[in-house]
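[1] turn this into a model:
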Amino acid sequence: MVFFVRVFLVWAFLLSSTAGYASEKTVFELGVRGGVNDNRNYEEFTAGEIYLLKDLPWQISLTKSAILRTRLDAGVTVLEAVGEHSVMLAIGGDLFLPILDDRLEFEVGFRPAFLHDYKIGDDDFGGNLQFTSHAGMTLRWHEMSLSYRLQHTSNASIYEQNKGLNLHLIGLGVRF
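    Numbering: from 1, shown residues only. Here you go, the predicted model:
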């Protein structure tokens, strides 16, 4: 487990040292998310995540004022149910559309993930390799952000068991 946290931190450091191509300043967001699952699982899950977002250079103009942008999305999530814990490491990409002078943004994304303990209580997620997809929105005020994300995690039927987990997550972050 410690090995995976170290790999994630080294990866995040290497990404933080790259220059942003889409703008003059490199934009990062560091924050926390927390939430609960819907009613699809046997157990009641809570989740807490530390996340890092980094703007990427690729973007496309949809209109004069609307630019669809890309970013890296990485996180370390602790899942808890019935007194059992598991850690999930995920890294992937987002497409996001900032509007209203970047005060509001809509996002969708996909992150391959490693789930350390894939059996939690009566829920069996099939194996360590998982995939998360999400949709959400973020409100920004200066360098602060408040976000909501609906996130689905499953193994895309690569294992016999494919229970899946839907989470409603609220996040608070700081951009720098």
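[2] rest of the way, CA atoms for contacts and neighbours
    Will do.
[3] mind checking how far stretch 147-154 is from the chain centre?
    8 Å (C-alpha atoms, centre = their mean, to the nearest Å).
[4] which residues does the helix or strand Gly173 falls within contact?
    Secondary structure from DSSP states H and E places Gly173 in strand 165-175. For strand 165-175, contacts defined as C-alpha atoms under 8 Å, 6 or more residues apart in numbering pick out 27-38, 40-41, 47, 143-154.
[5] for this protein, what spans make up the helices?
    2-16 (DSSP state H).
[6] and the strands in this structure, which stretches?
    28-37, 46-61, 67-81, 84-99, 104-115, 119-120, 123-124, 129-141, 144-154, 165-175 (DSSP state E).
[7] redo those as JSON lines? Include mean pLDDT and mean neighbour count.
    Below are the strands of the chain laid out as JSON lines (pLDDT from 0 to 100; neighbours: other C-alpha atoms under 10 Å):
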{"stretch": "strand 28-37", "mean pLDDT": "97", "mean neighbour count": "19"}
{"stretch": "strand 46-61", "mean pLDDT": "96", "mean neighbour count": "18"}
{"stretch": "strand 67-81", "mean pLDDT": "97", "mean neighbour count": "20"}
{"stretch": "strand 84-99", "mean pLDDT": "97", "mean neighbour count": "19"}
{"stretch": "strand 104-115", "mean pLDDT": "98", "mean neighbour count": "19"}
{"stretch": "strand 119-120", "mean pLDDT": "94", "mean neighbour count": "18"}
{"stretch": "strand 123-124", "mean pLDDT": "94", "mean neighbour count": "17"}
{"stretch": "strand 129-141", "mean pLDDT": "97", "mean neighbour count": "18"}
{"stretch": "strand 144-154", "mean pLDDT": "97", "mean neighbour count": "19"}
{"stretch": "strand 165-175", "mean pLDDT": "97", "mean neighbour count": "19"}
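[8] coming back round to it: partner strands of the strand holding Gly173, with direction?
    strand 28-37 (antiparallel), strand 144-154 (antiparallel) (DSSP bridges).
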